[in-house]
Each structure stands twice: as C-alpha cells, then as structure tokens.
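Visitor: Attaching a predicted model along with its sequence, questions to come.
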Amino acid sequence: MGEEENLSLREIMASETAVAFDNCTQIAIHIAQAPIAYISLIDASCQWLKSQVGLQAKTHHYLDFCERVIALHYTSRQTAKYPQPETPSSTETKLSTSEEMLSAIVIEDLAINNSINKQLATHPLVKSDPGIRFYIGIPIQTNEGVLVGMLSVMDYEPRPISTDSLNALKAISRQVFMQMDLHRQLIHSKGKLIKLEDTIKKRSSVWEIVRQERDFVCNVLNTLSALVVVLDPQGKIIRFNHICEELTGYSAQEVEGKTPQEVGLSIYNFPVQTQPLSSNYSAETDQFPSQSESEWIAHDRSHHLIAWSNTIIYSPDGTIEHIIATGTDITLRRESEKMLRLLERAIAASPNGIVISDALIPEKPIIYCNPTFERITGYSSSDILGKNCRFLQGNDTDPETIGIIRACLKEAKDCLVTLKNYRKDGTAFWNELAISPVRDAEGKVTHFIGIQTDISERKRAEEALKTSEERYRLLAENATDLISRHSSEGIYLYASPACRKLLKYEPEQLIGHSAYEFFHPDDVASVRESHQILLAQGEISLVSYRIRCYNGEYIWFETTAHAVRDPHTGKVRELVAVSRDITSRKKAEVSLLERSHLSLLEAEIGKALGQGGTITRILQACSDAIAHHLNVTGVAIWTVSRKSTHNLELQVSSGQCEVEDCPKCQERSNHHCLCLNFALVVEGRQVGMMEISSRYPLTEQVQNALYWIANAIAVGIDRVAALEELHSRREGLLFRLASQIRDSLDLNTILAKAVSEIRSLLQVDQCHFLWYLPTTDPRTSFVITHQAQSSSVPQSLLDYPADCVNWLSEKIEQHQMVQIDDSSKVEGFDGQTRAALKQAGVASMLFLPLETRSGQRGAIVCNHYHNIHEWGVSDVELLQAVVDQLAIAIDQAELYAQTRAAALAAQTQAAQLSQAFQDLQQKEAQLIQSEKMSSLGQMVAGIAHEINNPVNFIYGNLDYVRDYTQDLLEILSLYQQKYPSPDSELEEKIEEVDLRFITEDLPKIIASMEIGADRIRQIVVSLRNFSRLDEAEMKPVDIHEGIDNTLLILHNRWKAKKVGSGVEIVKNYGKLPKVECYAGQLNQVFMNIISNAIDALDNQPDPRIVTICTELFHVQNTPEATNIPYVRVKIKDNGPGVSTAVKNRLFDPFFTTKPVGKGTGLGLSISYKIVVEKHGGSLQCFSEPGQGCEFWIEIPVEPPAELRPLD
C-alpha cells in the first residue's frame, strides 16, 4: 500500500460500507459449503470484525480464535501500522523476505491429536456443543506481504477441502484487499483532486492539444481493417477500435478500463496474469509473445479465433508504457482447415477406392489415391501416383466401356460404367467406376475424381442367379402344374405355359387380371380368408377351390402359395403359387362321400321308420334326413287325405325352398330349382307323394336311392295308418286298463288290478298272474301271486299238475304264447299233455308269457273251465297289449323301488358330501385366515422391532434434553438477573420471539414428548405381544395382558372421535392365574368379539359401553376329575342385540349380519373352533333384541391331555 497518508487501517475503513465485504463472506460460505464465515481486520491497536455470517457465540470468541490460530501458525512476526508495514509498533504480521505470500491455514479435523490442535482444544468454540471441528484461515495481505486481516471459514463437522475450493477462497481474500486498497486510493484521490484542479486549469491548453492528438490517433485506429486493442502497463484496455466493436458487440466506452479477460479475450497464448503488469516487466520482454493465437468470446457468446501481433511501447525510462495488440479474425480459415482435414479423413476411411487425376495434363496422371484403392488393386501409392488408370486394364477389358470412359473425359461429363480390371498379382476383378469432373471457381475442369467399387462378389452372385433363373425357368415351362406369380392383391404377374393345358388360357390372357375373377363364387370367401392369413402372418398356405376354364367349365385346383417378403419392412412383395388339377380326385372324393351319405341316409330312414310314432313325426325325421345328407334345397312329403283319396295333404317339409300345399303349385314356384317327384305306392295303391328340390342335378346313384327311400316311406305310411286304425279300435279298451294299472307304482297293486280288469274285460272264468321260478321240483316252479276268478270255479282246479307245469315251463322259457280253444280237440299235443289239461279241468286257455328287463319271467293266464271259448284275434292282440303294458308297469314298479332306494342312498350321500364340503370350505377359510393372521403377526412384529429402536433412542435422550433445557433456562434466568437491561437490539429480539412464553412452554413440550414416547413404547410392546399369531405351541400367558393388548390395538376404533363420544371400555378383572394356551389364537378370539361389539355400537346413542369381566371358577367334568379350574371372560355391549334366529346361526361359517364387504362371516366361526376344538372350552352368546349382546369365553387353565401338542 502507498505511503501518501499516515492513516490507520481502522480510520481508513471506518467510512467504508460492509456490503462488498458481506458479499465476499456469502460467496465464501457457498464455496466452502460451511455454516460460518467472517472477515476480521487487524490494526496497530486492535482486531475487529468487518463482516460475518452464521456466528452463534460471542464475537470476541471468534476474534480470539483467529488470533490464536495466527499465533500458532506464523512464528515470525513484525508489527507495522497500516499502511506503513515498516512501523514496529503495529500488530500486523509480515513474512520473511524468503516468502512472497502467506499460506492458507487449513485444519480439517480439530479432533486429530497434534501440537496445534491440543492448544486449540481448550478454546470455548471447540469445547461448546456443537464444537468447531473444521477451520480455514485465508490471510488478507498487501502486495508487500503485510497481514491486514483474515478470511475465516468454520464448520461443526470435520471434512477435507478441495484444491479448487481453496484457490477460490484465496481469490476472495485478494478481492477483499483490493476493495480495501480501492477505498484507500479513493481517500488519497480526493486529496489530490483539489490540487489537480488548479493544475488542470493551468494546463487546459495542453489538454486541448492532447485531445486533438488523441482524436487523430482514434480516427486512424478506427479506419484500420485489423483488430486493435491498446493496453496500459496494468493490462487494462485504453483503446478499442471500431472493428473490435463490430466483432465482439462491446462498445469502446464499455470495455475501457477493463482487462482483456473481462471481455472474453486472452491476447497471450499463455494464461493471463492475475497481477497488473509491473514496471520491471521490461526485464522479461523477451518472454512476451510477439505472435499468438487466442479465442475471443463476444458479447453474444459467439467464439472467434484471433491471430495477434503484439507490440510493446516503452517510455524513455525503459518501462512499459503501452501494449498494442493487432489481430485478424481467422475463425473461418480454421473452420475451413478443419473441414479440409475432415474430408481427407473421410476419403481415407471410405470403403470405396477413390482416385484423383490431374485434368490439365494430357495423360491425366493420378495425383491421389486412398488406402481402399490400394487394397482393391494390390498396388502401393508409389506404384499408382503419376500413372493413368489404364494400367489396371487387360486384354479382355471391354473396349466399348473404355470408349465410354474416354468420351466422358473428353466432354468433361459424369459417367458410371462397369469394367473388368486386373490386380497387381494378375487376378481379375470387376469394378464399378463412377467418374466426375472437378471444376474451379471459374468453372474450368481441373481434376477428375474416380470412385471405384469392387463388385466381383456381386458379379459372381449375378451369374449364379442367372444360372438359377434359367434352371427354374426351364422347370416352370416344362412343369405339368401351373406355376404363377401374383402381386399381394392377387394380380397375375406371371403364368407358366401349363395354363394352356389346364385352363385353356394363354399366359398373356391371365397376366394383369386378378385371380379372383376366375374363382367359383362359392369358393371366393374361403380363398380370400386363406389369402388374408398368408398376408398377415404366414409364409405358406394350402387351399383348394374351383377355377373357371376358357370354355366356362370349372375344374378343381389345389394351390400351394408362398409369400415373398421384403427383408427390411417385412411386407409381402409378391406371391408365388403352384397349382395342381385335382378334379379327378375331387370327383372320387365326392362319389365316396355320396355313397357314405346315402348309407347314412338309408340307415337313418330305416331307423325313423322302425322307431314308430306319429305319421308326422316319422315323415319329418325322414324329410330332415334327406335334406341333411343329400344337401338339397327342399324336401316335401304329401299323404293321401283320409276324407278323399283324390286330395293330397302336405305333411312335412325341410330345406330352404318355400313349399305350397299342392305339388303342382310347388312345381311352378320352384322354377329356379330342379324338382324330382316320387310317387309313394303300396301294392298299386298310392298313399302319398315325395318331392326333392335341388340347385344341382342329382346323380343316378342318388336317384336310385331316392326310389328305394320312396318305397320304404310308402310302406311306412301304410303300416302307420294300419297301426293307427288298430290302435283306435282298442285304445278305448286299453285306456282304462292301462290307466288303472299305472295309477300305482306298487307291484302288488298293479298285478291285482291287472288280473281283475282282464277277467272283467274278457269275461273269463279265471285270470291269474304267476312267477316262473325254476327249481328241481316242478310243483314249486310256478308261484301264483295274484288271481281273479268266478265264484263258481272250485278251488281244487286252481293247481297245476306236474306234467302241465313242465310243458308250460318250456313255453315260458321259449317265450311262446299258448292258445287253446278246445282242450279236447287241440292238435299237436301228446296224450300226457292232454291228460294234464283234462286233470286241471281247463276247457280253453290263453297263456301269455312276459319277461321284465331284470330277467324275471312270468305269465298272464286266462282259463275257461265250464265252457269252450274260441279266442279271437282281437282278444289275443288286446291281451298281448295288456301283457306288454303290464311288463312295462312291472319294470316301472321295480325301477321306482330301485330309484327310491338309490334316491335315499343318494340323499344320504349328498348330505354327507354337503357336510364334508361345508367343513372343507370352513377349513380352507380358516386356513386362509390363519395364514393372513400369521403374516400379519410377522409384519407387526417386524414393524414393532423397527419402531422400537428409534423410539428407545428418542426416549433415552429425552432425559438429557430435559436436563440441558433446565440448565439453559437457569442460565437464562441468571443472565436476566445480572443484566436486567439489555441493549435495544437484544430487547427487540426477546420481544420478537416471546422469550417468556418459550421459557414456560419448553418444559411442557419436553414433558409432552416424554408422554408421547412412552405411549409409543406401550403400543410397540402391545404390537409385539399381539403379533404372536404364528406361535405353534402352548404357553402360560396372562389373559389380562392379551385383552389389554387387543384394546390397545383397537384404540383408534373405540376412542372418542371429532363426531361422537366414542365407546367406553369398562374392565372388571378378577384375579386369574396364567393360562396355558395358544396366545396368538386367543388374541384373535378377543379381537373378533371386541371388534364385533364396537361395530354393534356404531349407530347407537350414547352412552355406548363395552364391559369386559374375567373370573376364575371350577367345574367337575367327570367323577374322577373334580374342581378343574376354568377361566371365564365375559364381553358385553349395550347395543341392539340379536334375535334368537340370528343367535342360533352366529357360529355358522360365512354367516354375517354386516353389510356386503364389511365382514366375511368367518370371525365367530373361527373363534368357536379356537375356543372349543383347540382349547377344550366353550363359547356362548346371550342376547335379546334391544338388550345388547354378551359372549362368554370359558377355557381350562390347563388344557386336557388330548389337546396338548405332541413333542
């Protein structure tokens, strides 16, 4: 610093504002990422604080700490009074002459044990909590090395400091001194300003001359096309011409007095000096660059590369007076050079061979070739340069191609040719050559550039492809199948000559047409579907269809199509199809299929005619079968009217064609169909008419089959008509008998009614039913179970003689009817049989065997004893019908009996299965619930463990916080007593923060925190206790603890809310021993029942109370076991209660009274299982509507032996 004024540092800085210093302090905090930074200044008399951020303790502690650090680190001191460092009375410190700058003081960790840290460890800032652990001190010093202050940075945590951050802090220190020096110069300048005013007035004429000279120089500089920057000895800009203004966007007035780096300029090619150019720099002028290049960043942030020519102007005494830098913008030139180098690298890296020849020399020699050209030809650059490209040609190089090249060179045109060349080793290669002229700015051709591509592999591939195409062309032209190519839309692109033989078309007639134009209309949909699938996702498809020939006929084609796709896009480029004539095969298939259909049709017609039923049902089955199997459009069957044999009545019709009532009308309406009529004739008598409609002619084979079917249907119609007539005659007789027989499914009732009705209907002397049971004794083979007889028939006649039994047994076994009109005249019987009949007293007999489906055999027997009776055909048929009905009735009775037995067994089994299914559902639900509760227990236990650690940490430190707070409050109180009147600033802060309220509220806050932490600890303990859901062994537990833990878990549900008063929990605990049980499962029971009680009180008016009582009692289960101790837990609510019907179903699985989504219906069912099955206790519910609900949980203190888990 200068010696113009004998002022102390404190006097100089007294009028300086702290804004600039505060900015430096803020920057220091940002750079060091520390909470504390301050600037202290040192004067001859004292040390004081100029700026600070983040100070927590008293100011003198920080000044003292700084002074102590300086004393420990700088042993060589020499005091001086600012700004005269030579004055020995100053407390400022100056380094020895061997050092230029004071070094920074860096203490990364004050806790490290060394000599300096030991002396600082006792300082209040280090001893306090938290204490200072990190310190950086950057000295603030003059250019002569005089220490005038310190920039200090502190932190409560130890850490390292980077070199960049340290250098930045040093720069801030220098900036602080520059601010101080600037202020000193300002004070000094004010004094000189007064003196200079007189001098300036005297020298005004001189200044006018100087101004004119300066204007002249400025005009000269501004007219120069070069960039001109003039610097003073301190390196600041004093002149800036117009070219510089246009290039950078800065004005001369804007940059005057600034250093080059402040306007984005570095004139020198070495780093710009941070210190001003000193007067003794003349000794080092040989190091100053006369020529240099540097980058200039303009005002708009654009970059310019400048080439500088630097000149130093010296004063008469040899010191530097000015530096004149003259520059030229070479940005575009450098970009051009850069681009040129890029082009050179690109040409060298090209995969194509590139040569450049000189067009101005007649021989056009090669002046450049890239490495790829050398690799392709096998020649080195020394072999190539100076030669013409003809040296690559051989005897078989195409002369016509060479002529094209020469013509293009002569006319200076582009050309692209393919020719055969030879490498250095004599091997031939195919070369694709592209030649282009290169012109100068005037358009004159100066060079030719040739780009050569080795296409030998492509040529070989083309030759192979040509050979392959020729081979496949011959194959396609001589193939018997049609080979065609199509666009993706199906347009013919090519058709092989086989189309002439197969379709009678010339290939040219197909090309350009869509294949869909030739398809049969019925096959277009199936072909289009196959086409779309092939386009979308397939590669090959196979489809059969009919295609129209040139003569209009259709033949069958089987086509295999292949999709040719673009390898890059995957889209189908074209379709290749191979089509084969399969008409003969199709005809054979149709014939075989037709024979198969006819066989099935004949079988189905026979089945329909043989099954019986109404005439309409039979004919409809026949009509449907014909329409289905022959694929005809319509089938209609008429029958002769019963009213008039000349009229036909339409009975049935099938198919799509509309059918008229009259066959003649049908012929007219079906003019668009082919119709065939078949007369239905039986023995020369027409019984109906059948008509077949078809869009296609029917084959002879089909027509023959239809004639057979018509005859069969005619016979069937006649048979059905005869049966209907017969049925109508005896229907009246059978109806009453059948209805009476079938009124009951009881076998005895059926048989009794049958024999009674038969005897009454036929007026026979005796009718009975017998079972045939083959035995060794013929007399016991017949068992008469039911009979009806006239009162005139003697009892002695009712037994069968042994000979007669043998004879009738054979008839039963052979299922033969026995009809005897007159036993005395019957022929074919031997004398023994006739004698047996006479012995039995039988005059006439009708014996009809029957056999049930179960294999039982019996017979209905009708006898006349007194008179001879001729059995008519109607009698026999009627009795046979009755026997058939009776056999059915017996089968039904037996089936009914079996069904009842099976139904009873099935009902029993269904009940068992239902119970088993219900048990399985309950077990499954219980297993799922147990698994959920087990997972919940594990999760809760984990959460409780994780919460417990930080809670213990908080709870353990609260005592210290309370003690520290009490100490601080006592110190604060003592301070207020000692200093009752603080200064205004402190008093305002006290009123702002409301210190009195803080001293009263802080102990309350700490007490509240203790209560909250204790509450969390209780909840954690409860969670850990309640989470024992997955314990699989019985343990002695405290029942009260389980209930309390459950209540704590449910506290959020029963505590008072913002709306409502909550649920009141009343606990009346008795004295209970520890109970050996599954603690987690029992907690689940408490949870379910207490939760239900709380839910029941949701919509109840106050008061809402849940009462929990426990007691110990003794019971006597068996005479041997007396006074067994039990524990009873009673949980009661004053809710609405439940009805008896609901109470009886409370413990049923899946039963719930809660809304959908509120409950699963498993809680009480699982609780019941836990209490009763797992603990051998009981779970009861006592409730009446409007009287609340009370549950009793009773379990033994020690479980029975059978419930203890196996070891």
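Guide: The structure has been received and is ready for your questions. Residues are numbered from 1 along each chain as shown.
Visitor: Check which element follows the longest helix along the chain along the chain.
Guide: Assignment by DSSP state H gives helix 873-978 as the longest helix of the chain. For helix 873-978, the following helix or strand on the C-terminal side (DSSP states H and E) is helix 984-993.
Visitor: Helix, strand or coil: sort out Val681 for me.
Guide: When classified by DSSP: H, G, I helix; E, B strand; the rest coil, Val681 comes out as strand.
Visitor: Any figure for the gap between the nearest residue in space to it that is not next to it in sequence and Asn806?
Guide: Using C-beta to C-beta, 6 or more residues apart in numbering and skipping residues adjacent in sequence, the residue nearest Val681 is Ala714, 5.8 Å away. Quick note: C-beta positions are derived from backbone N, CA and C, even for glycine. Distance of Ala714 to Asn806, computed by C-beta to C-beta, to the nearest Å: 48 Å.
Visitor: cool, Ser165 as well?
Guide: 133 Å.
Visitor: Tell me how many other residues crowd Ile451.
Guide: Residues near Ile451, counting by other C-beta atoms under 10 Å, number 19.
Visitor: returning to that earlier point: report the contact partners of the residue nearest to Val681.
Guide: Residues in contact with Ala714 (C-beta atoms under 8 Å, 6 or more residues apart in numbering) are Leu680, Val681, Val682, Val687, Gly688.
Visitor: Am I right that it sits in a helix?
Guide: Yes - assessed with three-state DSSP, Ala714 lies in a helix.
Visitor: so what pLDDT did it get?
Guide: pLDDT for Ala714: 84.
Visitor: same question, Phe518
Guide: Looking at Phe518, the pLDDT reads 92.
Visitor: when you give positions from now on, start the count at 757
Guide: Got it, first residue is 757 now, which makes that one Phe1274.
Visitor: wait, it sits on Arg1304?
Guide: Yes - shown here, Phe1274 and Arg1304 form a contact pair, counting by C-beta atoms under 8 Å, at 4.8 Å.
Visitor: So these two - more neighbours on which side?
Guide: Phe1274 (19 against 15).
Visitor: From Tyr1301, how far out is the more buried one?
Guide: From Phe1274 to Tyr1301 the distance is 10 Å (C-beta to C-beta).
Visitor: Can you list the buried residues in the helix or strand Leu942 falls within?
Guide: Assessed by DSSP H and E, Leu942 sits inside helix 919-958. Across helix 919-958, burial judged by 16 or more other C-beta atoms under 10 Å covers 921-922, 924-926, 928-933, 935-937, 939-940, 944.
Visitor: Check stretch 1369-1378 too.
Guide: Ile1371, Ile1374, Leu1375, Gln1376, Ala1377, Cys1378.
Visitor: what helix or strand is the last one on?
Guide: Looking back up the chat, that one is Cys1378. helix 1371-1386.
Visitor: all strands for the stretch 1407-1556 of the chain, in order.
Guide: 1430-1438, 1441-1450, 1522-1528, 1538-1545 (DSSP state E, counting those that start in this stretch).
Visitor: So in that sheet, which strands flank the third one, and in what orientation?
Guide: Sheet partners assigned to strand 1522-1528 using DSSP bridges are listed as strand 1538-1545 (antiparallel), strand 1613-1620 (antiparallel).
Visitor: Identify the residues contacting it?
Guide: 1507, 1510-1512, 1514-1515, 1537-1546, 1549, 1554, 1565, 1568, 1605, 1612-1619, 1621.
Visitor: and that strand with helix 1629-1734, angle?
Guide: Angle, strand 1522-1528 to helix 1629-1734, by axes from the mean of the first three to the mean of the last three C-alpha atoms, to 10 degrees: 60 degrees.
Visitor: again with the longest one
Guide: Between the axis of strand 1441-1450 and that of helix 1629-1734 there is an angle of 30 degrees, by the same axes, to 10 degrees.
Visitor: In terms of secondary structure, what does strand 1441-1450 contact?
Guide: If you count contacts as 3 or more C-beta pairs under 8 Å, 6 or more residues apart in numbering; DSSP states H and E, strand 1441-1450 packs onto helix 1371-1386, strand 1390-1396, strand 1404-1411, helix 1419-1425, strand 1430-1438, helix 1456-1498.
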